[in-house]
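**Q** can't give you the sequence, but here's the structure:
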């Protein structure tokens, strides 16, 4: 779980990169789950926007996704969700964010595909508060590309999508993009969401 200095960095800088948030064995099992879903044809082309503004445009976003939900047959998902719920509690205690839940999906980008610069929070909905990514690509090198580029104060920060690397960043503040890779790229993307109305107790 994230140590207090990393939570402090998230508050101060708006982002943090973590290499020990997920145990290597769990990251590998999640990668296998994502691959199995892809091979079964259970991923669907992703869209941008929502409602009447929702559209499919590969020039903007080239991945296919599958929302992650608990499944007794796939213990790795329950372990992931449990770890992230514990992180949600830690974020609330340390940063007082009022986070209620998290939504997650697998994402697979074919070689050459990316996602243009954007923010994760919708203009008409401020529920998404902290964005999360986890990378599922073993034996990934800088030559493979596919960097996550975070546009932050001081200049862009590039994150290599190697197996087990995770990021957290503020959804409303940090613009980011997925740069094209030379080979297929797998990840988990999600958002810690706050209460629409903070509870009284």
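**A** That came in fine, so what should we check first? Because the structure is a prediction, the values reported are computed rather than measured.
**Q** got the buried residues for the strand or helix carrying residue 66?
**A** Using DSSP states H and E, the element containing residue 66 is strand 64-67. With burial defined by 16 or more other CB atoms under 10 Å, the residues of strand 64-67 counted as buried are 64-66. Every residue, glycine included, has its C-beta placed from N, CA and C.
**Q** What is that strand packed up against?
**A** On a contact count with 3 or more CB pairs under 8 Å, 6 or more residues apart in numbering; DSSP states H and E, strand 64-67 meets helix 24-39, strand 44-45, strand 99-109.
**Q** Residue 193 is nearest to which of the ones you listed?
**A** Evaluated with CB to CB, these place strand 99-109 nearest to residue 193, the distance being 5.6 Å.
**Q** what's the angle from that closest one to helix 24-39?
**A** Here strand 99-109 runs at an angle of 60 degrees relative to helix 24-39 (axes from the mean of the first three to the mean of the last three CA atoms, to 10 degrees).
**Q** what sits up against the helix or strand containing residue 91?
**A** Residue 91 is part of helix 75-95 when elements are defined by DSSP H and E. Residues from elsewhere that reach helix 75-95 (CB atoms under 8 Å, 6 or more residues apart in numbering): 1-2, 4, 7, 10-11, 21-22, 26, 29-30, 32-33, 68-71, 97-99, 101-102, 104, 130, 132, 188, 190, 192.
**Q** wait, what's in contact with residue 39?
**A** Counted by CB under 8 Å, 6+ apart, residue 39 has zero contacts.
**Q** One more: the one 5 residues further on?
**A** By CB under 8 Å, 6+ apart, the contact set of residue 44 is 64-66.
**Q** and residue 24, how many neighbours?
**A** By the criterion of other CB atoms under 10 Å, residue 24 has 11 neighbours.
**Q** Quick check, it in contact with residue 138.
**A** No - counting by CB atoms under 8 Å, residue 24 stays clear of residue 138, with 9.6 Å between them.
**Q** Give me the common contacts of the two.
**A** By CB under 8 Å, 6+ apart, the residues touching both residue 24 and residue 138 are residue 163.
**Q** just to revisit the earlier point, partner strands of the strand holding residue 66, with direction?
**A** strand 44-45 (antiparallel), strand 99-109 (antiparallel) (DSSP bridges).
**Q** Kindly state which of those strands is positioned closest to residue 156.
**A** It is, among the strands paired with strand 64-67 and with distance given as CB to CB, strand 99-109, at 19.1 Å.
**Q** same question for that closest one, mean pLDDT?
**A** Strand 99-109 carries an average pLDDT of 97.
**Q** Tell me the buried residues in it?
**A** Quick answer for strand 99-109 (16+ other CB under 10 Å): 99-100, 102, 104-109.
**Q** Perfect, I'm done here.
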